[in-house]
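Chemist: just need the structure, nothing else, for what follows:
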Amino acid sequence: MAVMDSQSATAPPGGVIARLRALLGGSSEASVTRRLAGTIFVIRVFSAALAYFSQILLARWMGGSDYGVYVYVWTWVLLLGSMMDFGISASAQKLIPEYRTRGEHALLRGFLSGSRWMTFGVSSIVSLLLAGAVKGLSPWIDGNAIVPLYIGCLTLPAFVVANTQDGIARSHDWMRLGLVPQFIVRQSLIIGLTAGAFVLGFDLGATAAMSASAAAVWIAMIGQMIVLNRKLGGHIEPGPRAYDFRGWLAVSLPILMVESFYLLLSYTDVLVLQQFRSSEEVGVYFAVVKTLALVSFIHYAMGASTAHRFAEYHAQGDKPRLSAYVAHAIQWTFWPSLGATILLLALGKPLLWLFGPQFVVGYDIMFIAAIGLVVRSAIGPVERLLNMLGHQHICALAYALAFVMNAVLCVVLVPHFGGHGAAAATSISLTFETVLLFWIVRRRLGLRVLAFGKR
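Modeler: The predicted structure is shown next:
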């Protein structure tokens, strides 16, 4: 850590205020990373609160049936949109630092424009195919959902390009530019547009709500593109461009597998619970998961703010610096996660009561679900480390094995133990994933990635 924090270590002591300034201020890599991670964390927490508020408003304005159709279509947009960039948004944090370090400026310029055109073109074609599938399956689809599904298909290209731009912005430490349009501006526009339609007396059904959401996605993406292009214009010198589409996909597709298996791992418990238990029990479990989401935000924030630096230090061949930075990232993932978990467990009952008095029965499930999150945080964002250093295939395999274990355990435990079984299955799977990733990093990189104990 001396490599990381030599500047902070020499700061004169001067009480709590001075310590906080030393901790969060300064220009050392550790201080910059903490500020960036803190920015991401605040954005994610605020966006979660905004999303929760918007869902309450939409449910009240639209009524149960239309709201159900809207949630169904919007969930498909979120899931498909997160995968249709083929992992480019994540691989940008590996490719951009490598091109910059090696002085491959033509490839860098080509990636900054070509990656967005590629994801836009491919996602547009896929969206047209999906629209054709909706038309072909229309006799078996709820009539009220057909037009919203078409609008969802129209939304996907903008959603995918926004994800790609997010990865490009984060690779330059422009965290607010990467995240605010997607998580704050888009959600605010959805609230504003639907509220305007409601005040003006329009029928706020699923079609109107999806139209507002589609407009919000496109407006936020175009605004982000204008600002990003302006900043890149002042950061990257003009010149020839080279396009390595095959090389980009070779790096990105295994990362896409990692992200896809992580999404499946995140949704398996709820999906299996829906098959075996009542909707009331599913609702209680979902409230527990949402309450503990704060812990996951810490892991996400640290991973999003460190990934491109892992790639940069590796490209420079600076292993001591990389090792120190990894250790720093792990410490600042585990201890804040542990503190947040303790706080959430202490306040668990009143937090669950906010969902409704009947949700308090899920309080003991929180303790089971929290185990996996804390164990996972003990090795920090090492999945990002493996992806950035070219070990994305073995990382994808680890996530696939964890997903299979989670699915099997959920099917075995949920019918007998309900939400308790789902939480246990997920915690066991996350623990297995953590041990596997720890062993992989130890064997392949020679690093002991653990927040405590001897290094």
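Chemist: pLDDT below threshold where in this protein?
Modeler: Counting by pLDDT under 70, the chain contains low-confidence ranges at 1-34, 36-38, 41, 52, 55-56, 63-65, 68, 279, 355, 453-455.
Chemist: look up how far Pro97 lies from the most centrally placed residue in it.
Modeler: By CA atoms, centre = their mean, the chain has its centre lying nearest to Tyr300, at 6.1 Å. Separation of Tyr300 from Pro97 (CB to CB, to the nearest Å): 20 Å. C-beta here means a position set from N, CA and C on the backbone, and glycine is covered the same way.
Chemist: then Thr306?
Modeler: 12 Å.
Chemist: settle it for me: which of these two has more neighbours?
Modeler: Counted by other CB atoms under 10 Å, Thr306 and Pro97 do not tie: Thr306 has more neighbours, with 27 against 24.
Chemist: I figured the more buried one was touching Ala329, is that so?
Modeler: Yes - using CB atoms under 8 Å, Thr306 makes contact with Ala329 at a distance of 4.7 Å.
Chemist: any idea how this protein splits into domains?
Modeler: Per the TED database, the structural domains of the chain span 37-243, 257-454.
Chemist: mind checking which of these is nearest Val251?
Modeler: Nearest of the domains of the chain to Val251, taken as CB to CB: domain 37-243 at 4.6 Å.
Chemist: any idea how many residues pack against Leu351?
Modeler: There are 21 residues near Leu351, going by other CB under 10 Å.
Chemist: quick one: it and Leu344 touch, right?
Modeler: Yes - shown here, Leu351 and Leu344 form a contact pair, counting by CB under 8 Å, at 7.0 Å.
Chemist: need the residues touching each of those two.
Modeler: Counting by CB atoms under 8 Å, 6 or more residues apart in numbering, the common neighbours of Leu351 and Leu344 are Thr291.
Chemist: could I get the full set of helices for the stretch 251-400 of the chain?
Modeler: Residue ranges of the helices in the stretch 251-400 of the chain, as given by DSSP state H, counting those that start in this stretch, are 279-291, 293-316, 319-346, 348-353, 363-377, 382-388, 392-445.
Chemist: which of the ones you listed sits most buried?
Modeler: helix 382-388 (a mean of 27; mean count of other CB atoms under 10 Å).
Chemist: pipe the domains of the chain into TSV and attach distance to Ala250 per row.
Modeler: TSV is the format used below for the domains of the chain (distance: least, CB to CB, whole Å):
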stretch	distance to Ala250
domain 37-243	9
domain 257-454	10
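Chemist: select, out of the ones you listed, the one closest to Leu249.
Modeler: Among the domains of the chain, domain 37-243 comes nearest to Leu249, with 6.4 Å by CB to CB.
Chemist: next one: that closest one to chain centre, how far?
Modeler: With CA atoms, centre = their mean, to the nearest Å as the basis, domain 37-243 stands 13 Å off its chain's centre.
Chemist: who does the helix or strand hosting Phe159 touch, helix- and strand-wise?
Modeler: Phe159 is part of helix 143-171 when elements are defined by DSSP states H and E. Contact analysis of helix 143-171 by 3 or more CB pairs under 8 Å, 6 or more residues apart in numbering; DSSP states H and E lists helix 64-83, helix 88-102, helix 105-137, helix 175-180, helix 206-235, helix 293-316 as its packing neighbours.
Chemist: the ones you listed: which one's closest to Val411?
Modeler: Nearest of the helices and strands packed on helix 143-171 (CB to CB): helix 64-83, 21.3 Å.
Chemist: show me the contact partners of the closest one.
Modeler: Under the criterion CB under 8 Å, 6+ apart, residues 55, 58-59, 62, 130, 142, 144-145, 148-149, 151-152, 155-156, 159-160, 163, 204-206, 209-210, 213, 256, 259-260, 263 lie in contact with helix 64-83.
Chemist: quick check: the nearest residue to Val288 once chain neighbours are set aside vs Gly419, distance?
Modeler: The shortest distance from Val288 to any non-neighbouring residue, by CB to CB, 6 or more residues apart in numbering, is to Gly362 (4.6 Å). Distance of Gly362 to Gly419, computed by CB to CB: 6 Å.
Chemist: joint contacts of those two?
Modeler: Val284, Tyr285, Val288.
Chemist: can you redo those residues as a markdown table with distance to Thr75?
Modeler: Below are the shared contacts of Gly362 and Gly419 laid out as a markdown table (distance: CB to CB, whole Å):
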| residue | distance to Thr75 |
| --- | --- |
| Val284 | 20 |
| Tyr285 | 17 |
| Val288 | 19 |
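Chemist: quick one: contacts for the closest residue to Met366 other than its chain neighbours?
Modeler: The shortest distance from Met366 to any non-neighbouring residue, by CB to CB, 6+ apart, is to Gly348 (4.9 Å). Gly348 sits next to Thr291, Tyr363, Met366 when contact means CB under 8 Å, 6+ apart.
Chemist: switch the cut-off to 10 Å
Modeler: Val288, Thr291, Leu292, Val360, Gly362, Tyr363, Asp364, Ile365, Met366, Phe367, Ala370 (CB atoms under 10 Å, 6 or more residues apart in numbering).
Chemist: next one: Leu79 from Leu156, what distance?
Modeler: The value you get for Leu79 to Leu156, if CB to CB is used, is 11 Å.
Chemist: which neighbours do Thr306 and Pro97 share?
Modeler: Taking CB under 10 Å, 6+ apart as the contact rule, Thr306 and Pro97 both touch Met388.
Chemist: which ones are touching Phe245?
Modeler: For Phe245, the contact set (CB under 10 Å, 6+ apart) comprises Gly110, Phe111, Gly114, Ser115, Met118.
Chemist: first to last residue in stretch 175-192, what's the distance?
Modeler: 24 Å (CA to CA, to the nearest Å).
Chemist: equivalent analysis for stretch 270-287, please.
Modeler: 11 Å.
Chemist: next: stretch 188-208.
Modeler: Start-to-end, stretch 188-208 (CA to CA) is 16 Å.
Chemist: in that stretch, what counts as buried?
Modeler: By neighbour count with 16 or more other CB atoms under 10 Å, stretch 188-208 contains the buried residues 188-191, 193-195, 197-198, 204-208.
Chemist: do stretch 170-177 as well
Modeler: Arg170, Ser171, His172, Asp173, Trp174, Met175, Leu177.
Chemist: just checking, the fourth one touches His308?
Modeler: I take that to be Asp173. Yes - counting by CB atoms under 10 Å, Asp173 touches His308, with 7.9 Å between them.
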